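*Asks:* Have a look at this prediction, sequence included:
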Amino acid sequence: MKKIDRFKSYQLLGAAVAAAIFMSGCASTPAIPAPTDQMALSRAAISNASSAGGSEYAPVQLKSAMDKMDGAERAMGTMNYGLARQLAEEAQVDAQLAAATARAAKAQKAADALHEGNRVLRKEIDRSSTSPQ
């Protein structure tokens with residue numbers, strides 16, 4: 001009788017060990033998938049912001065985007081995919097803001113140049129119309 005009880009206890013112990021190993025294997029598999037698509041979108045947004053003149057017209061926003069992207073890269077390296085996704089999304093938004101700010105600043109600069117050209121032209125027209133012919 002003791003042999004059967006011992007066999008059953010070993011069987012239960014074996015089942016418990018197998019369950020523990022299985023559970024630890026499941027725990028090491030990340031529940032959140034790697035945000036590779038978001039990382040690519042964020043990198044593209046940063047590249048776009050740089051091309052749009054973000055380093056000149058929106059350096060604070062562009063630096064913020066780049067810093068957050070660096071943090072996302074580090075989080076990916078440690079398999080902290082939730083943090084990586086969050087930082088990548090924030091980097092994308094900051095980069096989009098930098099690009100929009102740069103485009104707005106360029107448009108304002110062009111508008112200012114146009115206004116200055118108009119001012120000079122009006123001054124020349126006024127001078128021509130008031131001078132004796």
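*Replies:* Cool, the structure landed.
*Asks:* When you work out contacts or count neighbours from here on, use the C-alpha atoms and nothing else.
*Replies:* Noted.
*Asks:* Now for the spatially most central residue of the chain: which residues touch it?
*Replies:* Closest residue to the average C-alpha location of the chain: Ala91 at 2.5 Å, with CA atoms, centre = their mean. Each residue near Ala91 by CA atoms under 8 Å, 6 or more residues apart in numbering is listed here: Ser42, Ile46, Ser64, Ala65, Met66, Asp67, Lys68, Met69.
*Asks:* switch to 10 Å and redo it
*Replies:* Listed by CA atoms under 10 Å, 6 or more residues apart in numbering, the contact partners of Ala91 are 38-39, 41-43, 45-46, 61-72, 85, 97.
*Asks:* Repeat that for Leu87.
*Replies:* Each residue near Leu87 by CA under 10 Å, 6+ apart is listed here: 38-39, 42, 65, 67-73, 75, 81, 93.
*Asks:* Mark which of these are buried, thanks.
*Replies:* When the contacts of Leu87 are checked for burial by 16 or more other CA atoms under 10 Å, the buried set is 38-39, 42, 65, 68-73, 75, 81, 93.
*Asks:* now, which of those residues lie within helices?
*Replies:* 38-39, 42, 65, 68-73, 75, 81, 93 (DSSP state H).
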